[in-house]
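1. Provided below are the primary sequence and the corresponding predicted coordinates.
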Amino acid sequence: MWLDNISFPGSADSDNDGVVDGWELQYFSSLDATLCGDSDSDGLKDIEEALAGTDPLNPDTDGDGIIDGIEIPSVLYQYALVAGNNPSTSSPNDGGGVTLSVIVYEDGEDTLLDGWDIYDDDPTGALIDNLYDPDKESRVIDFTGSGIANGYRLGDDDGTWWDNNIHSILQWQVKSAEHFIVYAVVQTTNGLRYLQYEPVDEDILGTGSIVEHGLGIHIQNDTWQTLVRDLRFDLQEAQPDNDLIAVLGFLVRGNCQLDNILTRAELPADHDSDDDGLTDILETGTYFTHPYYADSDGDGLGDGDELTHWGDLWNLDHDGDGLVNLVDPDSDDDTSLDGDEIDAGTDPLDPASHP
């Protein structure tokens, strides 16, 4: 029996553990299950079974006398890609056809530190620990040292790169009251690149090996934050002629805590990075607004509110300047921003009507 195109009631992943809620409720009747366990003792963690489409409560899902852990040797959950095994060709039975939608590289609940090392211990004394965090009510990875002077790396557990060429979305959870820097190490058509993320309000970008993106200063508030980044979008915003080939690893500098580091094949359906009322998928694929700036055109009106205002007129170029109304800060070219006109009650499509 071949398992394919399995669907579960409900597609949202409200607890951001890499598994849709419907699957967790179907098999465990709860969203609190520890998915790094092996409920049926078949050699696969429960989250691996979710990714492979097998039954986490049945050691031999297809009833062929061979347990799932033997039939799916290359589906990885915790430590990314085993050398020589590509998840895009892994399957329960015949070695082909399944593309993993999520690969979890770090979940503190396993109590391990495999895959981590300190790549910059100057000044000395940097430490990595797996500990229980009462705010999150789960185990997390804790980094303590001399702030951003120390650097920590997550790769494969044998010290090699992940070499993940099937995913372009990176997701992680972080808590820090201090400045920190995260790097997604990626291979591109123009060579190695470090996509840099830190809690600042501006994007510096760059045409060289480091591409700098701001996460917003509000991230540095000592509470848990879930961050999702489209690495291909982030690369090409700075270097339009470059393209992503593979995600290689994850670096972090600073005193902080991390958990649930994973990659995805697609953006989460309901994720809205800038809280403007439009999901990242709609912003990047339909409206071509900026997924991380709530007011993409800087006219004083958030993208979601602006879409509501324009309605069916959102994709018209009223003033012929090459920008559709939704991303044109001054749609009638009267030198007054659309947001100011709407606030003042004037018509942003009539150059004779302005504040």
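-> Sure thing, it's come through. Note that the structure is a prediction, hence the values are computed from the model and not measured.
2. okay, now the domains of the protein?
-> 1-100, 108-264, 280-344 (automatic domain parsing).
3. can you redo the ones you listed as a markdown table with distance to Ser353?
-> Every residue, glycine included, has its C-beta placed from N, CA and C. Below are the domains of the chain laid out as a markdown table (distance: least, Cβ to Cβ, whole Å):
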| stretch | distance to Ser353 |
| --- | --- |
| domain 1-100 | 43 |
| domain 108-264 | 34 |
| domain 280-344 | 8 |
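4. So which residues of this structure form strands?
-> With DSSP state E as the criterion, the chain has strands at 102-106, 116-120, 127-133, 138-144, 151-154, 169-175, 181-188, 191-198, 210-214, 225-230, 244-253, 256-264.
5. I'd like to know which elements the first one is packed against.
-> Using 3 or more Cβ pairs under 8 Å, 6 or more residues apart in numbering; DSSP states H and E as the contact criterion, the neighbours of strand 102-106 among helices and strands are helix 46-52, strand 256-264.
6. Apply 6 Å and report the result again.
-> Helices and strands touching strand 102-106, by 3 or more Cβ pairs under 6 Å, 6 or more residues apart in numbering; DSSP states H and E, are strand 256-264.
7. The last one now?
-> The elements that strand 256-264 packs onto, with contact taken as 3+ Cβ pairs under 6 Å, 6+ apart, are strand 102-106, strand 138-144, strand 169-175.
8. Listing partners with orientation, what would you give for the second one?
-> Same thing as strand 138-144. When pairing is defined by DSSP bridges, strand 138-144 lines up against strand 127-133 (antiparallel), strand 256-264 (antiparallel).
9. Same check on the shortest one?
-> Pairing partners of strand 102-106, with direction, according to DSSP bridges: strand 256-264 (antiparallel).
10. Put the alpha carbons of the partner strand into CSV.
-> C-alpha atoms of strand 256-264 as CSV (Å, rounded to 0.1, in the frame of the first residue of the first chain):
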residue,chain,number,x,y,z
CYS,A,256,19.6,34.3,23.7
GLN,A,257,17.4,31.2,23.7
LEU,A,258,16.3,29.4,20.6
ASP,A,259,13.9,26.6,19.8
ASN,A,260,12.0,24.9,16.9
ILE,A,261,14.5,25.7,14.1
LEU,A,262,13.1,24.3,10.9
THR,A,263,12.8,24.7,7.2
ARG,A,264,9.7,24.6,5.0
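11. between that strand and strand 169-175, how many degrees?
-> Angle, strand 256-264 to strand 169-175, by axes from the mean of the first three to the mean of the last three Cα atoms, to 10 degrees: 160 degrees.
12. quick one: strand 256-264 to strand 116-120, angle?
-> Counting by the same axes, to 10 degrees, strand 256-264 lies at 120 degrees to strand 116-120.
13. all helices for this structure, in order.
-> 21-28, 46-52, 68-71, 231-238, 280-282, 303-310, 338-344 (DSSP state H).
14. most tightly surrounded among the ones you listed?
-> Greatest average neighbour count among those goes to helix 46-52 (a mean of 25), per mean count of other Cβ atoms under 10 Å.
15. average pLDDT across that helix?
-> Averaging pLDDT along helix 46-52 yields 73.
16. Just the CA coordinates for it, please, in CSV.
-> This file holds the C-alpha atoms of helix 46-52, laid out as CSV (Å, rounded to 0.1, in the frame of the first residue of the first chain):
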residue,chain,number,x,y,z
ASP,A,46,6.3,10.9,15.8
ILE,A,47,7.1,14.0,13.8
GLU,A,48,9.0,11.9,11.3
GLU,A,49,5.8,9.8,10.9
ALA,A,50,3.8,13.0,10.3
LEU,A,51,6.2,14.1,7.6
ALA,A,52,6.2,10.6,6.0
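17. that older thread, in a markdown table: the helices of the chain, plus distance to Val186.
-> Conversion of the helices of the chain to a markdown table gives the following (distance: least, Cβ to Cβ, whole Å):
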| stretch | distance to Val186 |
| --- | --- |
| helix 21-28 | 29 |
| helix 46-52 | 22 |
| helix 68-71 | 32 |
| helix 231-238 | 6 |
| helix 280-282 | 19 |
| helix 303-310 | 27 |
| helix 338-344 | 36 |
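18. Quickly, which of the ones you listed bottoms out on average pLDDT?
-> For these, where the average pLDDT is lowest is helix 68-71, sitting at a mean of 68.
19. where in the protein is pLDDT low?
-> Confidence mapping of the chain against pLDDT under 70 gives the ranges 1-18, 34-36, 51-52, 70-100.
20. that older thread, in TSV, list the strands of the chain along with mean neighbour count.
-> Formatted as TSV, the strands of the chain follow (neighbours: other Cβ atoms under 10 Å):
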stretch	mean neighbour count
strand 102-106	25
strand 116-120	16
strand 127-133	15
strand 138-144	20
strand 151-154	22
strand 169-175	22
strand 181-188	21
strand 191-198	19
strand 210-214	19
strand 225-230	18
strand 244-253	22
strand 256-264	23
